[in-house]
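1. the following block contains a protein sequence and its predicted model.
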Amino acid sequence: MLFRYLSRPLAAVALLCLAGAARGDSPIAHSVLRLAPSTSPDHTTATRLASESTPVDADIYSTMSSTDAHRPEMALDADSSTYFQTVGGMDDGDDFLVLFGRPIPVTSIKVTSGDGQGHDVLSKGILETTTDGVTYHKVADFKAGGVAEADVDGDPVMGVRIRLKKDANIDRLVIDDIAVGSTVPISGQLAPGRAFVDVSKAPDVKAWAERAAKEVAEFWPNTNALLYSDGFIPPNMVNMVFADGDGVAGTGGGVMAVNAKWCREHPDDTGLAVHEMSHAVQAYPTYDASWLVEGIADYIRWVKFEPQHFHPRINVAKSTYHDAYQTTATFLGWCALHYDSCLPTKLNQALRAGTYNDRLFKQCCGKDVGDLWAEFVKSYQTDPKDILAAVSPTSRLSSN
Ligand SMILES: [Zn+2]
């Protein structure tokens, strides 16, 4: 398939607006399965939970990138000298989530944001809990000083989520501490990458969405490795929101918005979610150079994730290395195969650091990018079908 994505990893596309509406203060978001107060028959459940003291693991998720010095786990380590700090800003769809392995009795939650000097404070934020890991309920607002406190009355809680109020974007977030009052010892660790699916606006694409989410989870660790840079902790969470819209998909601000109409018309195109997940992991400060940003995302999807389905068709008379998407992805795969297997990783590091320049091709491959392209074209003209055959001989043998 030679369709074009409408992806804009940092600039929100129209679809993202739809997505924001889908996961905002909608009736669905508030139809909470909150357990009844302790005077109800559910009291027995609460009592049983309260008597538990078996430690629970907590998976920590962030849609926002950070650094090794201020990792997400540092928000939950009860050490006042450490804290979680984002590299970039916090936008409408961004979340910080702590998900317990099972519901535990919780009496209080206190979240302290900011660096103690009044910087990077979350003052227009919401603290939410969930009893089932699916539906969330607001339990407190963040106050001007950046603190949110909730009394939870020993209710079972399975997760704690921190979000922004609408249009309250901040340039950077620091979470100093998330203190959960419970008889159960909590041990938090950074979770593997995961897409959280929301098909409330398009329930008929649920099977497509779940298949895509599974593929995303499977390939997230490989993507982290391919897009590695020293000391950088990529996001490990994206909210995958399905709704009818235009285009194909777009990712930014913690949300992967997917056009449900596209899913219905392209039942086998779930791999597009891997392209979009790559944008979440890239977390570049800008969309420059956009051709390379999209080329790397398609390299992740087509050359590394599903090479058995990749049949690049390039019009060499018209194309250039900076055509983005599949053309750039094929070129990167060819350069990696013949010159520097780490080229995509190194290009990624430069984009993330804001230092990318075409000269990097020469530094890595020993040849100017224009000369590499000319050589690539000759190679493609000789054998277009097997231009990347050596990348994945096994999977290509099994392709249709
Ligand atoms: Zn894209």
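-> Received it, and whenever you're ready, just let me know what you need.

2. are stretch 319-339 and the ion in contact anywhere?
-> No: using C-beta under 5 Å from the ion, we find that stretch 319-339 stays clear of the ion, coming within 7.7 Å at best. Just so you know, the C-beta spots here come from the backbone N, C-alpha and C atoms, and that holds for glycine as well.

3. give the buried residues for that stretch.
-> 319, 321-337 (16 or more other C-beta atoms under 10 Å).

4. ok, stretch 281-301 next?
-> So, applying 16+ other C-beta under 10 Å, buried residues of stretch 281-301: 281-284, 287, 289-301.

5. ok so, going back, now intersect the buried residues of stretch 319-339 with the strands, please.
-> Using DSSP state E, no member of the buried residues of stretch 319-339 sits in strands.

6. just to be sure, which of those are found in helices?
-> Taking DSSP state H as the definition of helices, the buried residues of stretch 319-339 contribute 325-337.

7. just those now: which is nearest the ion?
-> Among these, Tyr325 lies closest to the ion (C-beta to the ion), at 7.7 Å.

8. ok, that closest one to Trp291 distance?
-> 8 Å (C-beta to C-beta, to the nearest Å).

9. from what I see, Leu97 and Gly159 are in contact.
-> Yes: between Leu97 and Gly159 there is a contact under C-beta atoms under 8 Å: 6.3 Å.

10. name the residue in the two with the higher neighbour count.
-> Leu97 (26 against 20; other C-beta atoms under 10 Å).

11. in a strand, the more buried one, correct?
-> Yes: per DSSP: H, G, I helix; E, B strand; the rest coil, Leu97 lies within a strand segment.

12. and it, how close does it get to Asp77?
-> Distance from Leu97 to Asp77, by C-beta to C-beta: 16 Å.

13. likewise for Cys364?
-> 38 Å.

14. okay, these two: which has more neighbours?
-> Neighbours were counted for Cys364 and for Asp77 using other C-beta under 10 Å; Cys364 has more, 21 against 15.

15. verify the stated contact: the more buried one with Tyr339.
-> Yes: taking contacts as C-beta under 8 Å, Cys364 lies within contact range of Tyr339: 7.1 Å.

16. give me the contacts around stretch 124-133.
-> By C-beta atoms under 8 Å, 6 or more residues apart in numbering, the surrounding residues in contact with stretch 124-133 are 33-35, 99, 103, 106, 109, 111, 113, 136-142, 148, 150, 152, 155-165, 168.

17. quick one: mean pLDDT for it?
-> Stretch 124-133 carries an average pLDDT of 97.

18. ok, now stretch 143-151?
-> On average, stretch 143-151 scores 96.

19. then stretch 177-184?
-> 96.

20. now do the buried residues in it.
-> Buried residues in stretch 177-184 (16+ other C-beta under 10 Å): Asp177, Ile178, Val180, Ser182, Val184.

21. gap between it and the chain center?
-> 26 Å (C-alpha atoms, centre = their mean, to the nearest Å).

22. repeat that for stretch 245-257.
-> With C-alpha atoms, centre = their mean, you get 12 Å for stretch 245-257.

23. can you name the residues bridging to Ile178?
-> Beta-bridge partners of Ile178, counted by DSSP bridges, are Val111.

24. next, count neighbours for Pro221.
-> Residues contacting Pro221 under the criterion other C-beta under 10 Å number 12.

25. sec struct for it, please.
-> Pro221 ends up helix, using three-state DSSP.

26. what residues are up against it?
-> Pro192, Gly193.

27. let's see that with 10 Å instead.
-> By C-beta atoms under 10 Å, 6 or more residues apart in numbering, Pro221 lies in contact with Pro192, Gly193, Asn236.

28. now do the helices in the stretch 301-400 of the chain.
-> Per DSSP state H, counting those that start in this stretch, the stretch 301-400 of the chain carries helices over the ranges 325-338, 343-353, 359-365, 369-382, 393-397.

29. tabulate those helices (CSV), appending mean pLDDT.
-> What follows is the helices of the stretch 301-400 of the chain, written out as CSV (pLDDT from 0 to 100):
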stretch, mean pLDDT
helix 325-338, 98
helix 343-353, 98
helix 359-365, 98
helix 369-382, 97
helix 393-397, 37
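
30. return the most buried member of these.
-> Using mean count of other C-beta atoms under 10 Å, the stretch among those with the greatest mean number of neighbours is helix 325-338 (a mean of 23).

31. can I get the CA coordinates of that one in PDB?
-> Included here for helix 325-338 are C-alpha records, laid out as PDB according to Å, rounded to 0.1, in the frame of the first residue of the first chain:
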ATOM      1  CA  TYR A 325       7.500   7.700   4.500                       C
ATOM      2  CA  GLN A 326       8.200   4.600   2.500                       C
ATOM      3  CA  THR A 327      10.800   6.100   0.200                       C
ATOM      4  CA  THR A 328      12.900   7.400   3.000                       C
ATOM      5  CA  ALA A 329      12.300   4.200   5.000                       C
ATOM      6  CA  THR A 330      13.600   2.100   2.100                       C
ATOM      7  CA  PHE A 331      16.600   4.300   1.700                       C
ATOM      8  CA  LEU A 332      17.400   4.100   5.500                       C
ATOM      9  CA  GLY A 333      17.100   0.300   5.400                       C
ATOM     10  CA  TRP A 334      19.400   0.200   2.400                       C
ATOM     11  CA  CYS A 335      22.000   2.500   4.100                       C
ATOM     12  CA  ALA A 336      21.800   0.400   7.300                       C
ATOM     13  CA  LEU A 337      22.300  -2.800   5.300                       C
ATOM     14  CA  HIS A 338      25.300  -1.600   3.400                       C
END
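
32. show me what it is packed up against.
-> When contacts are defined as 3 or more C-beta pairs under 10 Å, 6 or more residues apart in numbering; DSSP states H and E, helix 325-338 packs onto helix 290-298, helix 343-353, helix 359-365, helix 369-382.

33. can you pull out the strands in the stretch 1-150 of the chain?
-> Taking DSSP state E, counting those that start in this stretch, the strands of the stretch 1-150 of the chain run over residues 56-62, 66-67, 84-85, 95-113, 125-130, 136-141, 147-164.
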